[in-house]
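A.B. asks: Predicted model follows, preceded by the sequence.
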Amino acid sequence: MDFLKTLSSHPSIKHSSRDNRWHYLGLVNEPCFEKAKGPRTDRFGLWLDARSKDCPADPFENEQKYPGVKIGARGKNMPVGSFYGYATGIVGLRLFPNPDFDEAAAKKWDAEKYYTDPNYYNDKNLIRPYRVGMSCGFCHVGPSPVKPPTDPENPQWANLNSNPGAQYFWVDRVFFWDKDDASFAFQLFHTSLPGTLDTSFISTDYINNPRTMNAVYNVLPRLGPALRWGREKLAGGGLKNKQFQDFKQTAALSQFYKAPDTVMTPRVLKDGSDSVGILGALNRVFINIGLFSEEWILHFNPLVGGKTITPIRIEDAEKNSSYWNATVNQTADVALFFLKTAKPDQLKDAPGGSDYLTADKATLDRGKLAFATYCARCHSSKIPEAPANVDESNWNQYWAWTKTDCPRNDVSP
């Protein structure tokens, strides 16, 4: 696994250039970038996409304030304060200066050998000039269903959407720039169909379970059922999670936590991991993909297992990881982002979508009844109103009522 190779357009990497990145890898080319035409002197000779000169500067880069590592010992010329790395040309992946890339490492660095000499790039002691970091968008941004790009290899920002999930993401091709059929790790990734991933494959539980990358739609309407039936009692370490009233900007959402130990959750995640509450579930995601890895690998044997998995304690993360604390301080903003953006894409707004719609009332009524009878139980995001003799706050009573027959004119999908 070498994301610097996945990012590169060197001729030795056949399927990873900007020209066919979407087609082969399912990765989204970031707008305003151009394919590398050769080694970049400002990137230690790496063949990386370059920002187009006619585009505005990256709002998250500030070379003057955060110079990054050029060549120097640890702690020398390092960025200070908040630093979000350099854009790479792939949505969701960014470059961060490697603090281990000191003067000795720089003298040993040979970009051409890095691409062409297996003895060089397979050396476990090779220190690369950058680390590759990823944001949520790497696995969740995809083409907009209502404004799809004319050329998926060259989208504009208006053509991209953070709600559908990366449905075309080829996990094995992305993580292995040069596949090896004899590798156990490659075969494990190879079981994931495009757009799926077992997010617990590193902290192995011996259950190979590639699942879809979650589409994030209708977050606001889902909060209604959370208040009605999403009650969960916290215990143990789960009580350490931050809640909405711990943040000024989300104090209005304080009804989703009742002291001392009750959360209201929409129960969206397939494995029930949002039973710890909304913010706890969001924080879990970052731990799951490698945040605070120094602690992470003390609790299991990565990939191969053979060791009892033990919990990572929140108090240990708070004490020892600035990354954990920085993430927790922004999770409330992520929740607000979902409330603002996670709205449905309507078929009528998609190119040619109106051709599939009809205004004929009889047809619509027939479809409504068919959906209510056969589909709504699992697929509707709307909650049928119960009659007066059914207590909607009593889940068992309400659930029993939904199993009964009712007159067709009472069906409300």
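C.D. replies: Done, it's in. Just so it is clear, the structure is predicted and the values come from calculations on it, not from any experiment. Numbering: from 1, shown residues only.

A.B. asks: List the buried residues for stretch 96-105?
C.D. replies: Neighbour counts over stretch 96-105 (16 or more other Cβ atoms under 10 Å) mark Phe96, Pro97, Asn98, Phe101, Asp102, Ala105 as buried. Just so you know, the C-beta spots here come from the backbone N, C-alpha and C atoms, and that holds for glycine as well.

A.B. asks: remind me, longest helix of this structure?
C.D. replies: helix 322-341 (DSSP state H).

A.B. asks: Would you state the strands of the stretch 1-150 of the chain in chain order?
C.D. replies: 33-34, 50-51, 86-87, 93-97, 130-134, 142-143 (DSSP state E, counting those that start in this stretch).

A.B. asks: Make a markdown table out of those strands and add mean pLDDT and distance to Pro118.
C.D. replies: Converted to a markdown table, the strands of the stretch 1-150 of the chain look like this (pLDDT from 0 to 100; distance: least, Cβ to Cβ, whole Å):
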| stretch | mean pLDDT | distance to Pro118 |
| --- | --- | --- |
| strand 33-34 | 95 | 29 |
| strand 50-51 | 94 | 27 |
| strand 86-87 | 90 | 27 |
| strand 93-97 | 90 | 24 |
| strand 130-134 | 90 | 20 |
| strand 142-143 | 93 | 34 |
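
A.B. asks: got the ones you listed as TSV, with distance to Ala158 columns?
C.D. replies: Below are the strands of the stretch 1-150 of the chain laid out as TSV (distance: least, Cβ to Cβ, whole Å):
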stretch	distance to Ala158
strand 33-34	16
strand 50-51	19
strand 86-87	18
strand 93-97	21
strand 130-134	23
strand 142-143	11
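
A.B. asks: and those strands, which is most packed in?
C.D. replies: strand 142-143 (a mean of 23; mean count of other Cβ atoms under 10 Å).

A.B. asks: ok, of the buried residues of stretch 96-105, which one's closest to Leu126?
C.D. replies: Within the buried residues of stretch 96-105, distances to Leu126 taken as Cβ to Cβ reach their minimum at Ala105, with 8.5 Å.

A.B. asks: if I look at that closest one, how far off is Glu392?
C.D. replies: Between Ala105 and Glu392 the distance, using Cβ to Cβ, to the nearest Å, works out to 64 Å.

A.B. asks: Next: Lys348.
C.D. replies: The gap separating Lys348 from Glu392 is 32 Å, by Cβ to Cβ.

A.B. asks: quick one, which of these two is more surrounded?
C.D. replies: Using other Cβ atoms under 10 Å as the criterion, Lys348 and Glu392 rank with Glu392 on top: 15 against 10.

A.B. asks: can you pull the contacts of the most centrally placed residue in the chain?
C.D. replies: The centroid of the chain falls nearest to Cys136 when counting by Cα atoms, centre = their mean (3.4 Å). With contact taken as Cβ atoms under 8 Å, 6 or more residues apart in numbering, Cys136 is in contact with Gly92, Ser162, Val285, Val334.

A.B. asks: Remind me what the helix or strand of the chain with the lowest mean pLDDT packs against, helices and strands.
C.D. replies: Lowest on mean pLDDT, DSSP states H and E among the helices and strands of the chain sits helix 376-379, with a mean of 81. Helices and strands touching helix 376-379, as assessed by 3 or more Cβ pairs under 8 Å, 6 or more residues apart in numbering; DSSP states H and E, are absent.

A.B. asks: What residues sit buried inside that helix?
C.D. replies: Ala376.

A.B. asks: Mind listing what's buried along the next helix or strand after it?
C.D. replies: Moving toward the C-terminus from helix 376-379, the next helix or strand (DSSP states H and E) is helix 395-402. Under the neighbour-count criterion of 16+ other Cβ under 10 Å, helix 395-402 has Tyr398, Trp401 buried.

A.B. asks: for stretch 222-241, same thing?
C.D. replies: Neighbour counts over stretch 222-241 (16+ other Cβ under 10 Å) mark Arg222, Leu223, Pro225, Ala226, Trp229, Gly230, Glu232, Leu234, Gly238, Asn241 as buried.
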